[in-house]
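1. What follows is a predicted structure for the sequence shown.
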Amino acid sequence: MRVLIGLIVAGIGFLMVWKTDWIVRNFGYMAWAERSMGIFGGTRTVIKVIAVIGIFFGFLYMTNQLDGFLDFVFGWILPEALKNN
């Protein structure tokens, strides 16, 4: 089940990267992305960044590496007593 969910998340991310222009044409621009990115295509850039992050986390979940990655990145926040539980 883990592999299937990971593949679905990665597949949706891939489709978002591949069909970014279709998403923008059908759902419109994000005003804050266009304003804050400072370049034309801010909406497309934000969509692609979200999609690549989704692909990354989909593959991490599929290979059962998500817990290790999150512990590596955010492990300094949690005290050691909570990690052992």
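-> Cool, got the structure.

2. got any ranges where the chain has weak pLDDT?
-> 38, 40, 79-85 (pLDDT under 70).

3. just the helices in it please.
-> Per DSSP state H, the chain carries helices over the ranges 2-18, 20-27, 31-37, 42-62, 66-74, 80-83.

4. Only alpha carbons, please: show the first one as PDB.
-> Same thing as helix 2-18. Provided in PDB are the C-alpha atoms of helix 2-18 (Å, rounded to 0.1, in the frame of the first residue of the first chain):
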ATOM      1  CA  ARG A   2       2.900   2.300   0.800                       C
ATOM      2  CA  VAL A   3       4.400   1.900  -2.700                       C
ATOM      3  CA  LEU A   4       1.000   2.600  -4.300                       C
ATOM      4  CA  ILE A   5       0.400   5.800  -2.300                       C
ATOM      5  CA  GLY A   6       4.000   7.000  -3.000                       C
ATOM      6  CA  LEU A   7       3.600   6.300  -6.700                       C
ATOM      7  CA  ILE A   8       0.300   8.200  -6.800                       C
ATOM      8  CA  VAL A   9       1.900  11.200  -5.000                       C
ATOM      9  CA  ALA A  10       4.900  11.200  -7.300                       C
ATOM     10  CA  GLY A  11       2.700  10.700 -10.300                       C
ATOM     11  CA  ILE A  12       0.600  13.700  -9.400                       C
ATOM     12  CA  GLY A  13       3.700  15.800  -8.900                       C
ATOM     13  CA  PHE A  14       5.100  14.700 -12.300                       C
ATOM     14  CA  LEU A  15       1.800  15.600 -14.000                       C
ATOM     15  CA  MET A  16       1.900  19.000 -12.300                       C
ATOM     16  CA  VAL A  17       5.400  19.700 -13.600                       C
ATOM     17  CA  TRP A  18       4.500  18.400 -17.100                       C
END
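
5. got a list of contacts for that helix?
-> 23, 47-48, 50-55, 57-64 (C-beta atoms under 8 Å, 6 or more residues apart in numbering). Quick note: C-beta positions are derived from backbone N, CA and C, even for glycine.

6. Can you tell me which of the helices of the chain is packed in deepest?
-> helix 42-62 (a mean of 17; mean count of other C-beta atoms under 10 Å).

7. Which neighbouring elements make contact with that helix?
-> helix 2-18, helix 20-27, helix 31-37, helix 66-74 (3 or more C-beta pairs under 8 Å, 6 or more residues apart in numbering; DSSP states H and E).
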